[in-house]
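Colleague: How does the following fold in three dimensions:
(one chain, ligands or ions: 1)
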Amino acid sequence: MALPRERPRGRLRVGVLISGRGSNLEALIDAAADPAYPAEIVLVISNRPEAPGLAHAARAGIAHRTIAEPSREIFAAEADAALRQSGAELAALAGFMRILDNGFVAAWRDRLVNIHPSLLPAFPGLHPQRQALAAGVRFSGCTVHFVRAQVDSGPIIAQAAVPVHDDDDEARLAERILAAEHRLYPMAVRLFAEGRLCIRGDRVAISGAVPPEIALFNPAGG
Ligand code: GRF
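Modeller: This next block holds a predicted model:
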């Protein structure tokens, strides 16, 4: 069943899917605590009952549930039904560690977003910070993108470039990227909620977007 294209007035209703810590969920909840923010979190789904992130939803009084179903198809059907029942207009993956069923991805096409801790298309999949260190890049970062069937692929909405330091290990780099994620995801959801995103093939045009004027150099001083 296709999702409705016209949206009611008011804040965009967002469902968030998590598997673990939920710090990006927390950043979205914090953003939505401001009544001027154009989106609200209406449902949190975890595929793991012990996900610490569920506590963020509970604390904020947001409906939350676990769907621990091992079958990919049944998980997708239950998640789809729960999201629709909640009135979610956008589904946001935030540290969601299961591969989603293709039917789910198709049903939520252009209404399903993900955050990944690298500058996609570089370093998709597991351990992107480790991959970045191994490749010797001087910048990595994070990406919010619309979800397509292939893992960590789809039209890119927003990215933050994060410098790699010579003494970084995986944990230090991940921490610096995570701080950027917590700003990037609320910003990307805001752009969606404001109706400013237009998907043209593999690219996203953003109305009123202001790109930075200057290049970043690492080492600085270039
Ligand atoms: C984040 O780095 C996110 O980009 C990746 O998984 C991590 C989840 O962290 N997909 P959290 O659960 O949001 O704290």
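Colleague: This structure: strands as residue ranges?
Modeller: Taking DSSP state E, the strands of the chain run over residues 12-18, 39-46, 64-66, 90-93, 112-116, 139-146, 156-163, 197-200, 203-206.
Colleague: Of all residues in this structure, which one is closest to the ligand?
Modeller: Relative to the ligand, the nearest point of the chain is Gly95 (2.6 Å; C-beta to the nearest ligand atom). Yep, even glycine has a C-beta here, placed from its N, CA and C like the rest.
Colleague: Are the longest helix seen in the chain and the ligand in contact anywhere?
Modeller: Assignment by DSSP state H gives helix 170-193 as the longest helix of the chain. Yes - Helix 170-193 lies within reach of the ligand by C-beta under 6 Å from any ligand atom, at 178, 181.
Colleague: what distance separates that helix from the centre of its chain?
Modeller: Computed by C-alpha atoms, centre = their mean, to the nearest Å, the separation of helix 170-193 from the middle of its chain amounts to 9 Å.
Colleague: same thing with stretch 59-79?
Modeller: With C-alpha atoms, centre = their mean as the basis, stretch 59-79 stands 17 Å off its chain's centre.
Colleague: Span of that stretch from start to end?
Modeller: Stretch 59-79 has an end-to-end distance of 22 Å (criterion: C-alpha to C-alpha, to the nearest Å).
Colleague: Please list the residues outside it that contact it.
Modeller: Residues from elsewhere that reach stretch 59-79 (C-beta atoms under 8 Å, 6 or more residues apart in numbering): 17, 29, 33, 41-49, 51, 54, 57-58, 82, 86, 98-101, 103-104.
Colleague: pLDDT (mean, whole number) over it?
Modeller: Averaging pLDDT along stretch 59-79 gives 97.
Colleague: Need the pLDDT of Glu6.
Modeller: Per the predicted model, pLDDT is 58 at Glu6.
Colleague: Can you lay out the strands of the chain as TSV showing mean neighbour count?
Modeller: Listed next are the strands of the chain as TSV, based on neighbours: other C-beta atoms under 10 Å:
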stretch	mean neighbour count
strand 12-18	25
strand 39-46	24
strand 64-66	17
strand 90-93	24
strand 112-116	24
strand 139-146	24
strand 156-163	20
strand 197-200	13
strand 203-206	14
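Colleague: For Arg183, which of those is the nearest?
Modeller: Closest to Arg183 of these is strand 156-163 (C-beta to C-beta; 7.0 Å).
Colleague: right, is the closest one up against the ligand?
Modeller: No - Strand 156-163 lies out of reach of the ligand by C-beta under 6 Å from any ligand atom, never closer than 11.1 Å.
Colleague: Pairing partners for that strand, with directions?
Modeller: Strand 156-163 pairs in its sheet with strand 139-146 (antiparallel), by DSSP bridges.
Colleague: Kindly export the strand it pairs with (C-alpha atoms) in CSV.
Modeller: Only the C-alpha atoms of strand 139-146 are listed here, as CSV (Å, rounded to 0.1, in the frame of the first residue of the first chain):
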residue,chain,number,x,y,z
PHE,A,139,38.6,13.5,6.7
SER,A,140,35.8,11.2,7.5
GLY,A,141,32.4,12.2,8.8
CYS,A,142,28.8,11.2,8.7
THR,A,143,26.0,11.0,6.2
VAL,A,144,22.2,11.1,6.4
HIS,A,145,20.6,9.6,3.3
PHE,A,146,17.4,8.2,1.9
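Colleague: Go ahead and name everything in contact with stretch 124-143.
Modeller: Taking C-beta under 8 Å, 6+ apart as the rule, stretch 124-143 contacts 115-120, 122-123, 151-153, 156, 158-164, 168-170, 173-174, 177, 180-181, 184, 216, 218-219.
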